[in-house]
Structure formats: C-alpha cells, structure tokens
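# Any chance you could fold what I've pasted below:
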Amino acid sequence: MSTTKKTIIGVLVGAVGLAVLLYIAPKTHSDNHEGHNHAEENTSVTVLDAFLVAAEKNVSESDKALLANFKQAKQNDSILNFWSKSKRPDLAAYFAEQKAIQLQTAADWLNAGERYYGAARFVKDNTELPILYQCAIRCLKTAIEKGSKESKTKILLASCYVEGTEKPMEGIGLLREVEKTDSNNVQLQLAFASFSMKSGQTDKAIKRFNKVLQIDSTYLEAYLYLADIYDQNQDKTNTLAMLEKYASKTTDVTGKLEVQKYIEELKSK
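Numbering: from 1, shown residues only. Take a look at the predicted model:
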C-alpha cells in the first residue's frame, strides 16, 4: 500500500461515518455463497441461535438477570440495545428481526436488513459472513414485499448480492432499477463507485464519484476517494488536485492538517 493511500484511508477513518463505510469499503472474503433459499434461511437462524446462546453464557451474572427480565417482558428493543452496546451488531440485528417478525412492517424489516448488512461490515469471524448476508437478503426482500419504496432498500439488497453471493449481476440490476427513478441518490452513486473500484474499473469509479460531487458538493470524502484512485493510477497531478480541493473545503481541522502535510510531501518528490 502506498504512503498516499495510507494517509487518505487514515483520514477517512476519522472523518467519515457508518454510511460511507457501508457503501464504500466493501469487505472482501474468499468464500462466495448463494444467497437465498429455505435451507440456508433455516441454517442461518440456527447458527445465530447458537451464537446467541454462546454470547449469553459469557455475560456477567447481573447482565444475565437483566436479559432474562427483558425476555420475560418481550422487550426486543431493550435486548437489541444491550447487544449493540456490547459490540455484537450481529445479535442486535437478530433481535431487530424478531421485532420485524412481530410487527410485520416494511420499516422494521428494512431496519433488520440494514443491521445485518452493517454487522457483516465489521464481523471478525469470516465464517459468519455468509450467514449475515443471507439474513440481510431475507429481511430486505421481505421489506420490499411489505411495500418498502425506499431506494435504500434496493441499494442495500444490491450490495448484499454483489458482496455476499455468487449473483453480483442481480445486485447491479437492482441498482439500475433505482437509477431509472432516483439517479441523484448519493448512496446509489457511491454503491456504483464501490463496485467499479472492486472490479478494477477505475474510470467508471471516477465518473461516479464526480457524479456524487455534482449531486452534493458538500460530500467532501469523494475528493479523498478520487485522490486514492488517482494515486493508484500514479497520476500525481490529479492526486494533488483532489487533496487540495478537500483541504480547501473541509472543516475537519485534523483531517485538513494531515492532508496538507501530505500535499507538501508529495510536491517535494
């Protein structure tokens, strides 16, 4: 990894929120899996049940009592918050799905799917990845069946297909559906950019990031990603141009200082 890339990514970690991490930093793993059939659904639920049992055994006695009270009162939101604070987004997503099963609203199914997808971004055990993608796909497809009209639902579902299954073109097809009616959706353009980067189509990624800036000129992280792409292409002039644009516009003092420092280093070479 080049010094430029290390610098840019380091700034990004401090500067951007979960939404960017979800759509722009796709997690890579060696195993691809088909995404959606009844056998897999049953397996995913069984495995998550096992993870839950194991996790419950490792909590303190006081927390065990707290969880028991939540369960008795059927307070899925409280259990969800407990596991979220315990840095177990996979189990938080599991209880978000339990709530969706209970309430059967499109919004709750979308929330569960989004949580499963988010958990897949940060899970430490790669063997859990296909399970989380299967769960996310199941919940997001149910959200659509329940009438979800949000572009985000299809964009997340597309991301699951591209990153977690052997059906990437189904995901691209979903993005193209969204583009027909919501082409100025920033997250849509970020998803396209991410997939273009992942497949080595840097020219297309550049166009998508520029589209993001056309839609929302305040989305300054796009300049950093463009700088990273130009750096990979050994295009010093454009790398500098993107970094300078970011530095001139950002209000993030730490990020600005880091980028300015690197600009000077790059100019001196």
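
# State the three-state secondary structure for residue 147.
On the three-state scheme (DSSP: H, G, I helix; E, B strand; the rest coil), residue 147 is labelled coil.

# so how many other residues sit close to it?
10 (other Cβ atoms under 10 Å). All C-beta spots, glycine's among them, are computed from the backbone N, C-alpha and C.

# Three-state assignment for residue 183, please.
Assignment for residue 183 (three-state DSSP): coil.

# Would you list the phi and psi of it?
Listed backbone geometry of residue 183 is phi -70, psi -20, with angles given as degrees, to the nearest 10.

# if I look at it, how far off is residue 156?
Separation of residue 183 from residue 156 (Cβ to Cβ, to the nearest Å) stands at 18 Å.

# Between these two, which has more neighbouring residues?
residue 156 (27 against 11).

# how much space between the more buried one and residue 144?
Distance from residue 156 to residue 144, by Cβ to Cβ: 11 Å.

# Please spell out which residues along the helix or strand hosting residue 171 are buried.
Residue 171 is located in helix 168-181, with elements delineated by DSSP states H and E. Buried residues in helix 168-181, counted by 16 or more other Cβ atoms under 10 Å: 168, 170, 171, 172, 174, 175, 178.

# other SSEs contacting that helix?
Packing contacts for helix 168-181, counted by 3 or more Cβ pairs under 8 Å, 6 or more residues apart in numbering; DSSP states H and E, involve helix 151-164, helix 186-198.

# List just the one of those helices that sits closest to residue 96.
When the helices and strands packed on helix 168-181 are compared by Cβ to Cβ, helix 151-164 sits nearest residue 96, at 13.6 Å.

# domain parsing for the chain?
1-27+185-269, 33-165 (automatic domain parsing).

# host element of the nearest residue to residue 143 once chain neighbours are set aside?
Spatial nearest neighbour of residue 143, chain neighbours left out: residue 109 (3.7 Å); criterion: Cβ to Cβ, 6 or more residues apart in numbering. Residue 109 belongs to helix 106-122 when assigned by DSSP H and E.

# Show residues contacting that helix.
Helix 106-122 is contacted from outside by 18, 21-22, 25, 27, 89-90, 92-93, 96-97, 99-100, 129, 132-133, 135-140, 142-144, 146-148, 150, 152-153, 156-157, 159-160, 163-164, using Cβ atoms under 8 Å, 6 or more residues apart in numbering.

# hmm, try it at 7 Å
18, 21-22, 27, 89-90, 92-93, 96-97, 99-100, 129, 132-133, 135-136, 139-140, 142-143, 146-148, 150, 153, 156, 159-160, 164 (Cβ atoms under 7 Å, 6 or more residues apart in numbering).

# Helix 151-164 and that helix, what's the angle between them?
Relative orientation of helix 106-122 versus helix 151-164 (axes from the mean of the first three to the mean of the last three Cα atoms, to 10 degrees): 30 degrees.

# Please point out which parts of stretch 121-138 sit buried.
121, 123, 128-138.

# nearest to residue 250, of those residues?
Lowest distance from residue 250 to the buried residues of stretch 121-138 (Cβ to Cβ) belongs to residue 121, with 24.3 Å.

# Okay, that closest one and residue 79: tell me how far apart.
Relative to residue 79, residue 121 is positioned 22 Å away (Cβ to Cβ).

# how far is the helix holding residue 109 from where the chain is centred?
Relative to the chain's own centre, helix 106-122 is displaced by 10 Å; criterion: Cα atoms, centre = their mean, to the nearest Å.

# Just the CA trace of it, in PDB.
Taking only C-alpha atoms (Å, rounded to 0.1, in the frame of the first residue of the first chain), the coordinates of helix 106-122 have been written out as PDB:
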ATOM      1  CA  ALA A 106     -41.700  -2.600   5.900                       C
ATOM      2  CA  ALA A 107     -39.700  -0.200   8.100                       C
ATOM      3  CA  ASP A 108     -38.900  -2.800  10.700                       C
ATOM      4  CA  TRP A 109     -37.800  -5.400   8.000                       C
ATOM      5  CA  LEU A 110     -35.600  -2.700   6.400                       C
ATOM      6  CA  ASN A 111     -34.100  -1.900   9.800                       C
ATOM      7  CA  ALA A 112     -33.300  -5.500  10.400                       C
ATOM      8  CA  GLY A 113     -31.800  -6.000   7.000                       C
ATOM      9  CA  GLU A 114     -29.700  -2.800   7.300                       C
ATOM     10  CA  ARG A 115     -28.400  -4.000  10.700                       C
ATOM     11  CA  TYR A 116     -27.400  -7.400   9.300                       C
ATOM     12  CA  TYR A 117     -25.600  -5.800   6.500                       C
ATOM     13  CA  GLY A 118     -23.900  -3.400   8.900                       C
ATOM     14  CA  ALA A 119     -22.800  -6.400  11.100                       C
ATOM     15  CA  ALA A 120     -21.300  -8.000   8.000                       C
ATOM     16  CA  ARG A 121     -19.000  -5.000   7.600                       C
ATOM     17  CA  PHE A 122     -17.400  -5.400  11.000                       C
END
